[in-house]
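**Student:** Sequence plus the predicted model coming up.
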Amino acid sequence: MTSFDARLAAIPDTVVLTGGAEMEPHFTDWRRRYSGRARAVVLPGTVEAVSAVLRLCHGTGTPVWPQGGNTGICGGSVPGPSGAGIVLGLGRLNRIRKVSPEDDSITVDAGVTLQAVQEAAEAADRLFPLSLGAEGTCQIGGNIATNAGGTAVVRYGPMRDLVLGVEAVLADGTVWNGLRSLRKNNTGLDLKQLMIGTEGTLGIVTGATLKLFARPRSRVTAQLYFTGTAEVLATAQAMRAAFPGEVDALELLSASQIRIVQRHFPQLSLPLPDGAAWSLLVEVVGGRSEEEMLDSLTAALEPMLENGTLVDAVIGQNERQREAIWAQRHTVTEANVREGMGLTHDIAVPVARIGEFLAEAEAMLAEYWPEAEQVVVSHVGDGNLHWIAMFSHADWAAKPDPEATQADLDRRAYDIAHGLGGTFSAEHGVGSIHLDEMRRYKAPVELGLMRTVKAALDPKGILNPGRVVPE
């Protein structure tokens, strides 16, 4: 055992894994697309143990790959290829430290799952609104590190807007306790923002104080169908005007996406009306009775049905019907995996330009890859488009150079988004896979500022190297 390994093993409240089989799950992402190696997987059980691990790694220049629930999809949650560093897993830091209904806040360890936070909030008759498909597995530290989004961003904002304070361990092992529940604090730099969305490259989040909200009294859901995106966007705006502060979700699905769900999960899909090219899932929550909310939603939709803006509408009249509407949306990922090779892009453009992007992207696909189909899943209320070029498994297997095909397609899609004032990553982060896009689309002054901050907080470059900020 080397001196480093012996010192690592001697840190109290720390589990160190070195066997190949026990380390393997930490080396590959959940989709099994990205993988790496490490000399050990280190699982500290306290903040003090995290501090000791980082102090040791800082002194020896050992790379540290922080890992939460390992549910990321940009290659940022797995180690690099060298095998020289360690994976630092936060899953054993899993305490709910404090729930404060009177302050509408909750303080938790970084390794607490999102679902556990939701349940703790519900037990206190409060709501923590972040909602993701991986909420049973993803951890709060990872949600903060990647500035997670999800389906409720249109009303509550991304994770950045839900964090009141953080506790983090810096590269040299220094512990910064910024756990505060203040809504207003105008005393200098908002340092917690350095830890949000930076994917563990500036510090390791070990705890957080999060916002809670009053639980809504009622919730109504509808699936609306349209012939074009202009009608979708007009309706989304109309819903916000009719229900100010009450629109909880605006989820767009292309007809191509609905047909994929119908093929693989016919028991969960809703019928696609004739002539419908798009559907919009609308969910409205509020303090009024459900009957009042249903009446208001029906009244808002009636003129749209009469003037032809809407092809059809399905309104959930009870909890069972509401869940049936959401089931189609929640099944798209698994359906797409079964359907073919879907090249998924986490694009955002200004809401007003969503239609332009979809038209240009579809034309690009038809020109260069006519065998592929445009499939769209979008958080349309905030401009976030999960734009997918769907190839059949056979067509993709026949590609002589799949990596070159994907790189070419990615570049063309991102160029369209960038030209419309958009971005290549809306909610999934940068990780290791988007470093070329950072170089291409970020202004030199932006990259320079990022490198300056990185050098100040992590001068030896040991925290998640090769992630977010290109060298």
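**Tutor:** Sure thing, it's come through. None of the values given here were measured: they were computed from a predicted structure. Numbers count the residues shown, from 1 in each chain.

**Student:** can you list contacts of the strand or helix carrying D248?
**Tutor:** Following DSSP states H and E, one finds D248 within strand 247-254. Strand 247-254 is contacted from outside by 151-152, 154-155, 216, 219, 232, 236, 239-240, 277-285, 328-329, 332, 374-381, using Cβ atoms under 8 Å, 6 or more residues apart in numbering. For every residue, glycine as well, the C-beta is placed using N, CA and C.

**Student:** strand partners of it, parallel vs antiparallel please.
**Tutor:** strand 278-286 (antiparallel), strand 373-379 (antiparallel) (DSSP bridges).

**Student:** who are the neighbours in contact with G36?
**Tutor:** G36 touches F27, W65, V78, P79, G80, P81, S82, G83, counting by Cβ under 8 Å, 6+ apart.

**Student:** Please, a ChimeraX command that selects the buried ones among these?
**Tutor:** The ChimeraX command for the buried members of the contacts of G36 (criterion: 16 or more other Cβ atoms under 10 Å) is given here:
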select :27,65,78,79,80
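
**Student:** Show me the contacts of G36 that map onto strands.
**Tutor:** Members of the contacts of G36 lying in strands (criterion: DSSP state E): W65.

**Student:** Which single one of the contacts of G36 is nearest to R440?
**Tutor:** Using Cβ to Cβ, G80 comes nearest to R440 of those, at 21.8 Å.

**Student:** That closest one and G72, how far apart?
**Tutor:** 14 Å (Cβ to Cβ, to the nearest Å).

**Student:** got the contact list for P350?
**Tutor:** G383, L420, G421, G422.

**Student:** are any of the residues you listed buried, and which?
**Tutor:** Members of those classed as buried by 16+ other Cβ under 10 Å are G383, L420, G422.

**Student:** closest to L114 among those residues?
**Tutor:** G383 (23.2 Å).

**Student:** ok, now which ones touch that closest one?
**Tutor:** Counting by Cβ under 8 Å, 6+ apart, G383 has contacts A348, V349, P350, V351, R353, I354, G422, A426.

**Student:** Tell me how many other residues surround the closest residue to the last one other than its chain neighbours.
**Tutor:** Nearest-residue entry for A426: A348, 3.5 Å, with adjacent residues in sequence omitted and distances by Cβ to Cβ, 6 or more residues apart in numbering. Under the neighbour criterion other Cβ atoms under 10 Å, A348 is assigned a count of 23.

**Student:** can you check N185 too?
**Tutor:** Neighbour tally, N185, other Cβ under 10 Å: 12.

**Student:** Sitting in helices, which of the contacts of P350 do you find?
**Tutor:** Using DSSP state H, no member of those sits in helices.

**Student:** Would you mind confirming that I86 is in contact with P66?
**Tutor:** No: assessed by Cβ atoms under 8 Å, I86 is found out of contact with P66, at 9.9 Å.

**Student:** Those two: who's more crowded?
**Tutor:** Each of I86 and P66 has its neighbours counted (other Cβ under 10 Å); P66 has more, 27 against 24.

**Student:** residues contacting the residue nearest to the spatial centre of the chain?
**Tutor:** Among the residues of the chain, the one closest to the centroid is A148, at 3.9 Å (Cα atoms, centre = their mean). Counting by Cβ under 8 Å, 6+ apart, A148 makes contact with L130, L132, C138, G142, P158, M159, E427.

**Student:** Dump those residues to TSV, plus pLDDT and neighbour count.
**Tutor:** Formatted as TSV, these follow (pLDDT from 0 to 100; neighbours: other Cβ atoms under 10 Å):
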residue	pLDDT	neighbour count
L130	94	26
L132	86	19
C138	94	24
G142	96	30
P158	95	22
M159	96	26
E427	90	20
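
**Student:** which among those residues gets closest to D5?
**Tutor:** G142 (26.8 Å).

**Student:** from the contacts of G383, which two are the most distant?
**Tutor:** Pairwise over these, using Cβ to Cβ, the maximum falls at R353 and A426, 13.7 Å.

**Student:** Y156 against V163, yeah?
**Tutor:** No: at 11.8 Å, Y156 does not count as touching V163 under the criterion of Cβ under 8 Å.

**Student:** out of those two, which sits in the more crowded spot?
**Tutor:** With neighbours defined as other Cβ under 10 Å, Y156 and V163 compare such that V163 has more, 22 against 18.

**Student:** Can you report phi and psi for the more buried one?
**Tutor:** phi -100, psi 120 (degrees, to the nearest 10).

**Student:** got it, and the one 4 residues further on?
**Tutor:** For E167, the backbone dihedrals are phi -110, psi 130 (criterion: degrees, to the nearest 10).

**Student:** Might you report the residue contacts of it?
**Tutor:** Counted by Cβ under 8 Å, 6+ apart, E167 has contacts V47, V175, W176, N177, G178, L179, V205, T206, G207, A208.

**Student:** Identify the farthest-apart pair in those.
**Tutor:** V175 and A208 (14.1 Å).

**Student:** of those two, who's got more company?
**Tutor:** A208 (30 against 17).

**Student:** ok but that one is inside a strand, no?
**Tutor:** Yes: assessed by DSSP: H, G, I helix; E, B strand; the rest coil, A208 belongs to a strand.

**Student:** burial of the closest residue to it other than its chain neighbours, as a residue count?
**Tutor:** In this structure, A208 finds its nearest non-sequential neighbour in V166, 5.1 Å apart by Cβ to Cβ, 6+ apart. As a burial measure, V166 scores 27 neighbours (other Cβ under 10 Å).

**Student:** And the pLDDT at V166?
**Tutor:** Per-residue confidence (pLDDT) for V166: 98.
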